[in-house]
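Enquirer: sequence first, predicted coordinates after that:
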Amino acid sequence: MEERELPLKGIRVCDFSWYAASPVATKYLADFGAEVIKMEYSAHPDLIRLAMPSALGKENDLSAGGWFNNQNSSKLCLGLNLTHARAKEIYHKLILASDVVWENFSPGIKERLGLNYEDYVKLKPDIIWIDQPMQGLVGPYKYTAGFGSLITPFGGLSYLSGLPHRPPVGTGTNYTDYVINPGHLAIAVFAALRRRKQTGKGRHIVMAQYASAVSILETAILDYTVNNRIQPRMGNRISYAAPHGCYRCKGEDRECIRYSTIGAMPGRKDDRWCVIAVFSDEEWEAFCDVIGNPTWTKDPRFSTLLGRKEHEDELDRLVEEWTIQRSPEEVMMLMQQAGVPAGVVQDAEDILVHDPQVRARGYYVYLDHSVTGHSAYDGIGYKLSETPGKLTRAAPRIGEHTEYVCKEILNMAEEEINEYLVEGVLEVG
Amino acid sequence: MGEQETLLGDIRVLDLADQKGVYCTKLLADLGADVIKIEMPSGDPMRRIGPFFHDEPDPEKSLYWFQFNTSKRGITLNLDTADGREIFKSLVKTADVMVETFPPGYLDEIGLGYLVLKELNPRLILTSITPFGQTGPYMDFESSDLIAQAMGGLMYLAGFPEDPPHKLHGSQAYHSASVQAAVGTTVALYARELTGRGQQVDVSLQESVLMSLETAMQHYDLRKEIRTRVSREIPIAAGIGLYPCKDGHIWSYIVAGAGAGWDVILDWLDSEGMAGDLKDPEWAEVFELLGNFRALIAMANDPPALMARLGQFAHINEIVVAFLMKHTKREIFEAAAPRRIMMVPAQSPKDLTECPQLEALGYFVDVEHPELGTSLKYPGAPCYHISDAPWRISRRAPLIGEHNADIYEKELGLSMEQLAILKQEGAI
């Protein structure tokens, strides 16, 4: 597909955002053709560039980080030192040349940089301005900064996730940073862009990431406000299915490198699990057939859902006696052939390298990057038949597009650019 | 309701989604779209999902139904009848979007495949949410939220290494897919302004959670490392992770560059005489390391160097835990926040409901339920503030067939006699 067919071609985004949730959101726009311009400086980079994992042997290279790169596909980078007193001379012009402005600073930094919608809407009435602070622009915790890893506990998801007799260990990743929060906001932004197309009217959109994260707790809030019940952690169980759990399977007889609390260590590919979910009586009978109808399946304690729920610990133990002798892939295929929902608890190797479904649909996109080489990026999580979007380029180096932005967008002369470079306001990378 | 009062007030959505997509249509409805929830005449199976209002199981009292169907209208319609399908076709002509979650191929089988719908209405956007998408070798596999969280890699990363992996609370694969589907739908609505045509949006539960693996994919792609479950009951690093406190748990993210450093934390502990020996000069070198982001990253890449420090970190953690166990999570947060110390409580639904920040944001919304004789306090989802087009819950979830008269009589002009026939044959 040609770039000119990307639906957001012609939309420019002045992107002050950093870390995770907001850059993921602007990636949604960039992958559909918006010209998204990040602003960073080597001495003040988006700090997620420093985080693991880097390309092997390039641990100190700001352009080698997979976390940053993955969420900044299709974007440009202006090398601008936002801490410099003269930076505003540049970003002020860029804001006025943009359709969308996006920031996720804490209110203190936002105020220091003078990034106020109220000021800019007077200069540019059709601007769409996004504030994505952690706590909101008002309220007693307004100035309380935070990071993605704080949202899952603070927003309630950790309390509700995990095994009932264990601490609220949380979600493994900063879950709401990647789809929930950026997605919530992107829905409003695309809708606002559409309205602007129809009416020429801009918008100010504010979303507190904390509030957004609380919104996906299913019925936990209503159950408390209506029934005064604090829902407990349920592990892998739900009230209307059994077996409904995660079961250990046979490990593979080979070595691998495992990345854990203490970094990368040699290990074995033996941490293998499957999931099985039996909802109906038909699925239960099919499940029993697959495992060869051992005598315990005829035990009245297990022949009804009520019975299975009552004796679920023992049920899970018996199911695992069967799964532990098989690979998770074998369990999945045997169950699926019989119409029983089952799957593999896949790790990233399983998904990226082996999963025939993910490969057939081409979810991951490989892009050539000047530092990391040919490397994988998350693609687009929704396939549009006519305007599918496209990852048009690998993540930018700091200042990779300084010259383009200054000359083509800001109409700056060579001498002027040089002056800012010498002063440490601009950087070319 | 004037069009300009909401962002999607001119958009009609036909909602044929089950649990997988019910949040997608809620997001569109709360932004002002006219979402018509289409249920079987017997009522949608989601009405059977608890918990229930005052724990009274009743299809009109499911909190699950309430939560996910705000701002929608509801009609009953049976697509298994020829009349039902004909009525549906008339509605398709009036719609901008249709959201459905049937197994791939089902709509074609009943004569309502995309090509038929497109013929009726070329501007229609058909958004489909299925376990594995509309294509590929697993497209017909059975699934559920648990299966999708496992196949999408989320589960493998969640939990303690010594426990089995666990799914995230609720139905996060369903919610992620719903969010992705709503984004894809709004992209398609934008594109329609340019092309004048609708299109199909294909969302897979499995793919919808892949982005949330954070760095797991890149660890493998760039370094052939398999990211695993890493959590500990007491963190292995000093200041980063889950800690117990007097009445629950807090999460701490004391990382150089993120809020206050260890000097502030030690002063806090010391103010209650609980800093132990950590203010002794011999510890200065350790805290200097902990305050240097680049040095910490280097250490994380050097397991032997990290291992050599674990004893020191364990000692720091012992003192921190002793301090935290004397305080409640609320006390800890209220003391930490003004000091810019990154420690937050693992909040329960009760804590959230009582949170003054959410209150100040106007997050909670009272929604009238006249049939229950009361109003219920709902969470905002996701409660954006949008100038001149506010996000809002415009009404409670529909009763079974509540808007049949609006749609069938007023809009489609069916007579009482026709409606009686349709009712008797089970079409509406």
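Expert: All right, it came through fine.
Enquirer: spit out the contact partners of the one residue in the stretch 251-400 of chain A that gets nearest to chain B.
Expert: Nearest to chain B in the stretch 251-400 of chain A, going by CB to the nearest CB, is A:Y382, at a distance of 2.9 Å. C-beta: built from backbone N, CA, C; applies to glycine. Taking CB atoms under 8 Å, 6 or more residues apart in numbering or on different chains, we find A:Y382 in contact with B:Q180, B:A181, B:V183, B:G184, B:V187, B:V201, B:D202, B:V203.
Enquirer: find the nearest non-adjacent residue to it, please.
Expert: Computed as CB to CB, 6 or more residues apart in numbering or on different chains, the closest residue to A:Y382 that is not its neighbour in sequence is B:G184, at 2.9 Å.
Enquirer: what's the neighbour count on that neighbour?
Expert: Residues near B:G184, counting by other CB atoms under 10 Å in any protein chain shown, number 31.
Enquirer: keeping just the C-alphas, turn whatever helix or strand it lives in into PDB.
Expert: Using DSSP states H and E, B:G184 maps to helix B:172-195. In PDB, the C-alpha atoms belonging to helix B:172-195 read as follows (Å, rounded to 0.1, in the frame of the first residue of the first chain):
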ATOM      1  CA  GLN B 172      -8.700  -8.600  30.000                       C
ATOM      2  CA  ALA B 173      -8.400 -10.200  26.600                       C
ATOM      3  CA  TYR B 174     -12.100  -9.300  26.000                       C
ATOM      4  CA  HIS B 175     -11.500  -5.700  27.200                       C
ATOM      5  CA  SER B 176      -8.200  -5.300  25.200                       C
ATOM      6  CA  ALA B 177      -9.900  -6.600  22.100                       C
ATOM      7  CA  SER B 178     -12.900  -4.300  22.700                       C
ATOM      8  CA  VAL B 179     -10.600  -1.300  23.000                       C
ATOM      9  CA  GLN B 180      -8.600  -2.300  19.900                       C
ATOM     10  CA  ALA B 181     -11.900  -2.800  18.000                       C
ATOM     11  CA  ALA B 182     -13.200   0.600  19.100                       C
ATOM     12  CA  VAL B 183      -9.900   2.200  17.900                       C
ATOM     13  CA  GLY B 184     -10.100   0.400  14.600                       C
ATOM     14  CA  THR B 185     -13.800   1.400  14.200                       C
ATOM     15  CA  THR B 186     -13.000   5.100  14.800                       C
ATOM     16  CA  VAL B 187     -10.100   4.900  12.300                       C
ATOM     17  CA  ALA B 188     -12.500   3.400   9.800                       C
ATOM     18  CA  LEU B 189     -15.000   6.200  10.600                       C
ATOM     19  CA  TYR B 190     -12.300   8.800   9.900                       C
ATOM     20  CA  ALA B 191     -11.300   7.000   6.700                       C
ATOM     21  CA  ARG B 192     -14.900   7.000   5.600                       C
ATOM     22  CA  GLU B 193     -14.900  10.800   5.700                       C
ATOM     23  CA  LEU B 194     -12.200  10.600   3.000                       C
ATOM     24  CA  THR B 195     -13.400   7.700   0.900                       C
END
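Enquirer: for that helix, name the packing helices and strands.
Expert: helix A:180-199, strand A:383-384, helix B:22-30, strand B:97-100, strand B:125-130, helix B:145-151, strand B:200-204, helix B:205-208 (3 or more CB pairs under 8 Å, 6 or more residues apart in numbering or on different chains; DSSP states H and E).
Enquirer: now do the buried residues in the first one.
Expert: When neighbours are counted by 16 or more other CB atoms under 10 Å in any protein chain shown, the buried residues of helix A:180-199 are found to be A:180-196.
Enquirer: picking up where we left off before, quick one: the residue of the stretch 251-400 of chain A closest to chain B from A:M335, how far?
Expert: 28 Å (CB to CB, to the nearest Å).
Enquirer: please apply the same query to B:G9.
Expert: 46 Å.
Enquirer: who has more neighbours out of those two?
Expert: Applying other CB under 10 Å to B:G9 and A:M335 shows that A:M335 carries more neighbours, namely 27 against 16.
Enquirer: need the contact list for the more buried one.
Expert: Contacts of A:M335 (CB under 8 Å, 6+ apart): A:I276, A:F287, A:V290, A:P341, A:A342.
Enquirer: need the helices and strands packed on helix B:172-195 in a markdown table with distance to B:R392 and mean pLDDT, can you?
Expert: As requested, these are exported to a markdown table (distance: least, CB to CB, whole Å; pLDDT from 0 to 100):
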| stretch | distance to B:R392 | mean pLDDT |
| --- | --- | --- |
| helix A:180-199 | 13 | 97 |
| strand A:383-384 | 28 | 98 |
| helix B:22-30 | 7 | 98 |
| strand B:97-100 | 20 | 98 |
| strand B:125-130 | 23 | 98 |
| helix B:145-151 | 28 | 98 |
| strand B:200-204 | 25 | 98 |
| helix B:205-208 | 26 | 98 |
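Enquirer: if we can go back for a sec, tell me the one among the contacts of A:M335 nearest to B:Q172.
Expert: Lowest distance from B:Q172 to those (CB to CB) belongs to A:P341, with 16.5 Å.
Enquirer: what's the pLDDT at that closest one?
Expert: Looking at A:P341, its pLDDT reads 98.
Enquirer: can you check the one 10 residues further on too?
Expert: A:I351 carries a pLDDT value of 98.
Enquirer: what's the closest non-adjacent residue to it?
Expert: B:G153 (5.2 Å).
Enquirer: what's the burial count for the one you found?
Expert: Other residues close to B:G153 by other CB under 10 Å number 29.
Enquirer: how about the one 3 residues further on?
Expert: Residues near B:Y156, counting by other CB under 10 Å, number 28.
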